[in-house]
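Novice: I would like the atomic coordinates for the input below:
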Amino acid sequence: MLMRAEWGGCLWRTESKDSGRTWAPAWPTDIPNPTSLACLVRLNDGRIALIHNAIGKIGAFLQRDPLSVWISDDEMKTWSIKRDVLSRGSLAYPNGLVLHDNRFVFVYDRDHRQVCFVEIGLPPVSRAGAATSAPTAYD
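Specialist: Residues are numbered from 1 along each chain as shown. Next up, the predicted model:
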């Protein structure tokens with residue numbers, strides 16, 4: 001699980017080995033975050049997508065721009081793709097899912113006035129397990 005921390009500058013992580021009944025103490029990650037909501041989505045091919053504002057500085061309130069999609073092939077140990085997909089404005093509160101036809105979509109709040117829908121074209125996974133290109137946003 002990833003979580004935001006007030007004025008922390010990064011996302012924090014914890015793990016459970018008993019389906020969420022108990023959790024290990026949380027630790028800071030190297031994933032930048034301006035104290036904003038992040039969303040994790042398990043893709044149908046097993047990879048994990050992270051939708052978040054990939055900026056952060058400890059003790060600073062930063063603009064929630066850009067909105068980024070990162071992809072992990074190894075259960076969030078590393079991120080093989082780190083791509084800013086949207087910019088220009090306050091971009092917050094992403095919530096994503098994979099549709100039955102394998103499309104990866106999410107909604108987010110733009111400037112506290114508008115809810116926007118985005119479809120992400122994800123790169124295919126190569127036989128070696130790594131993606132062959134970066135995601136593309138269609139909003």
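Novice: which intervals of this protein have sub-threshold pLDDT?
Specialist: 7, 59-61, 126-139 (pLDDT under 70).
Novice: go again using 50 as the cut-off
Specialist: 132 (pLDDT under 50).
Novice: in it, which spans are strands?
Specialist: 2-3, 10-13, 27-32, 39-42, 48-52, 67-72, 81-86, 91-98, 104-110, 114-121, 136-138 (DSSP state E).
Novice: Confirm for me that residue 111 is in contact with residue 92.
Specialist: No. In this structure, residue 111 is not within contact of residue 92 by CB atoms under 8 Å, at 9.1 Å. (Each C-beta comes from the backbone N, C-alpha and C, glycine too.)
Novice: These two: who's more crowded?
Specialist: A direct count of neighbours by other CB atoms under 10 Å for residue 111 and residue 92 places residue 92 higher, at 18 against 13.
Novice: Beta-bridge partners for that one, please?
Specialist: residue 109 (DSSP bridges).
Novice: again with residue 13
Specialist: residue 2, residue 27.
Novice: list the contacts for it?
Specialist: Residues in contact with residue 13 (CB atoms under 8 Å, 6 or more residues apart in numbering) are 1-3, 26-29, 76.
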